[in-house]
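In: the following comprises the amino acid sequence and a computationally predicted model.
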Amino acid sequence: MPKNGNTPKTLLESLDALVAKHHLLKHPFYKAWTDGQLSKADLGLYAEQYYQHVRSFPENLKQLAARTNGDRNLNSLVQENLAEELDATASHPLLWRQFAQSLGVSDASLEDARPLPGIAALLDTYDEVAAQGSMTQAVAAFYVYEAQVPEIASQKISGLRRFYGISEPRALAYFAVHEEADVRHRAAWRQWLVRQQNVDTVGVLCAAERSLKALWGALDAVYPQGCVSKN
């Protein structure tokens, strides 16, 4: 009997189907960004709030790295990702601060910002899955995030240049780096995932979808007027 072509057959196909369903470029906030419909205040709030995730992401990688003692390949993959995040000359949190500065958001505002509930939920989700989820659950959560980033970064750069008068390389560097880096990262996560056997597929997909919904909810937090258009 032929297989149903509409049903994902592998873990990666199932993860990719979830990414397609919850892709952040479908969110009203990013649609408004790419259409030039946001105000500088909207972008400033986003920069201030999303910095909390940018700053926490390396810590999430460290949490996973600390638990990969039995898997050299995974440890190497995570350490490589972490080294890029914390590059001494241009760490990703530093590059984000440069973007925020182009919007008039100070470093002090970034550091002192209190996460909105949706942002706090995102931080909690990645903290929990990185520290307590199975290795496959954690990798899936990182994968479904970084799988989207190159295309999102390209759209952000285009929108910032076209509509918001932000074109200096320094201000765009965070997104330019992620256009390239996360192409490699998502490929590395995929290679690791495809080699896994005897996986609790349901648990992994639940962790991945929870992570995707948390990412979506973080954008809801900074753009509540778009909530009526949720997918």
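Out: All right, it came through fine. Residues are numbered from 1 along each chain as shown.
In: whichever strand or helix holds Val144 packs against which elements?
Out: Using DSSP states H and E, Val144 sits in helix 135-146. Applying 3 or more C-beta pairs under 8 Å, 6 or more residues apart in numbering; DSSP states H and E, one finds that helix 135-146 contacts helix 11-22, helix 40-65, helix 72-85, helix 117-132, helix 169-194, helix 201-222. The way it works is simple: take the backbone N, C-alpha and C, and place the C-beta from them, glycine included.
In: contacts for the shortest one?
Out: Helix 11-22 is touched from outside by 8, 140, 143-144, 147-148, 190, 193-194, 196, 199, 201, 204-205, 208-209, 212-213, 215-216, 231, with contacts defined as C-beta atoms under 8 Å, 6 or more residues apart in numbering.
In: looking at the helices and strands packed on helix 135-146, which is closest to Pro28?
Out: Evaluated with C-beta to C-beta, the helices and strands packed on helix 135-146 place helix 201-222 nearest to Pro28, the distance being 8.0 Å.
In: pull out the buried positions in the closest one.
Out: Using 16 or more other C-beta atoms under 10 Å as the test for burial, helix 201-222 gives 204-205, 207-222.
In: and for stretch 152-168?
Out: Here stretch 152-168 shows Ile152, Ala153, Ser154, Gln155, Lys156, Ile157, Gly159, Leu160, Tyr164, Ile166 as buried, counting by 16+ other C-beta under 10 Å.
In: repeat for stretch 111-125
Out: In stretch 111-125, counting by 16+ other C-beta under 10 Å, buried: Ala113, Pro115, Leu116, Gly118, Ile119, Ala120, Ala121, Leu122, Leu123, Thr125.
In: dump the residues you listed into CSV; add distance to Leu86 and pLDDT as well.
Out: What follows is those, written out as CSV (distance: C-beta to C-beta, whole Å; pLDDT from 0 to 100):
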residue, distance to Leu86, pLDDT
Ala113, 21, 96
Pro115, 21, 98
Leu116, 26, 98
Gly118, 26, 98
Ile119, 21, 98
Ala120, 23, 98
Ala121, 25, 98
Leu122, 20, 98
Leu123, 18, 98
Thr125, 22, 98
